[in-house]
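[1] mind folding the following:
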Amino acid sequence: MTRLAHVCIASLVLSGCGGDSPDFGPETDATPTQETGIASTEHSLIVFASADTQGPATAGAALGLATSSLLLIASDQSDHVGINRHDTWPPLRRLNALPGALLEDCAVVTSNTVVWTNCTQNGFTINGMVNWDPGHVEVDIQIDGTIQGFAFHYGLSGGIRVTATSITGDMTLTASASGSGLTYNQTVRSQIDVQIADECITSGSLTVAVSGSGNGARNGAVQILWTGCHAFRVRNA
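    All right, here's what the predicted structure looks like:
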């Protein structure tokens, strides 16, 4: 089994954005930061496409999609998620620091599920599950913890549908942190509808909407339009 401890517990989380569609601008080239996020997103989505044979790895892929989506919103002048560019309290980056939280000796793994029940690691507690059936992946994970006096909570839920030629789905990541008079809340909602061939995205779109409040929260939306394998354009809102 692919060791979940080696999968970055960080990337896209997808969910129907609801309400009115963002007012996107014209197509442009991706910034270097967005290119990094798109490359990570592509990798995570291809893991979903292989869920029938790499089911346990979809947990890390789902969380990987979440933080990748924030790179799509980020400007090249502000790549950090937190109080400011030089802060030491980036709530969502804590996800990147949790690869050991999905330890195999705590998670209960079956032929089509991974379940965490009060699994603890590095000050965090994980509860939830990832379930995969042929052509479908469901995710529902809650992560709570306290580090250096700050209380963190992350929630990830949604579903991905996969065929031999397409990946569609929606997911939502919520994150909050509080402590020392500071508060932070962030919601990342995304929707994916892409076509694939030879383990590569060839066409389709990814729409990400990010909203939040408090120190360092981001707000914005972006749409990635694939025109070929590793070829894409970006529309920002």
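
[2] phi, psi of Gly135?
    With angles defined as degrees, to the nearest 10, Gly135 sits at phi 80, psi 10.

[3] go on, Asn112?
    Dihedral pair for Asn112: phi -140, psi 20, per degrees, to the nearest 10.

[4] kindly report the same for Ser50.
    Torsion angles, degrees, to the nearest 10, at Ser50: phi -100, psi 20.

[5] same question, the one 3 residues further on
    Note on Thr53: backbone dihedrals following degrees, to the nearest 10 are phi -110, psi -20.

[6] now for whichever strand or helix holds His43, which elements pack on it?
    If you go by DSSP states H and E, His43 is part of helix 32-49. With contacts defined as 3 or more C-beta pairs under 8 Å, 6 or more residues apart in numbering; DSSP states H and E, the packing partners of helix 32-49 are strand 11-12, helix 58-73, strand 150-162, strand 166-179, strand 182-197, strand 200-214, strand 220-228. Any C-beta I mention is one placed from the backbone N, CA and C, and that applies to glycine too.

[7] give me the angle between that helix and strand 150-162.
    Calculated by axes from the mean of the first three to the mean of the last three C-alpha atoms, to 10 degrees, helix 32-49 forms an angle of 60 degrees with strand 150-162.

[8] quick one: mean pLDDT over helix 32-49.
    Taken as a whole, helix 32-49 carries a mean pLDDT of 90.
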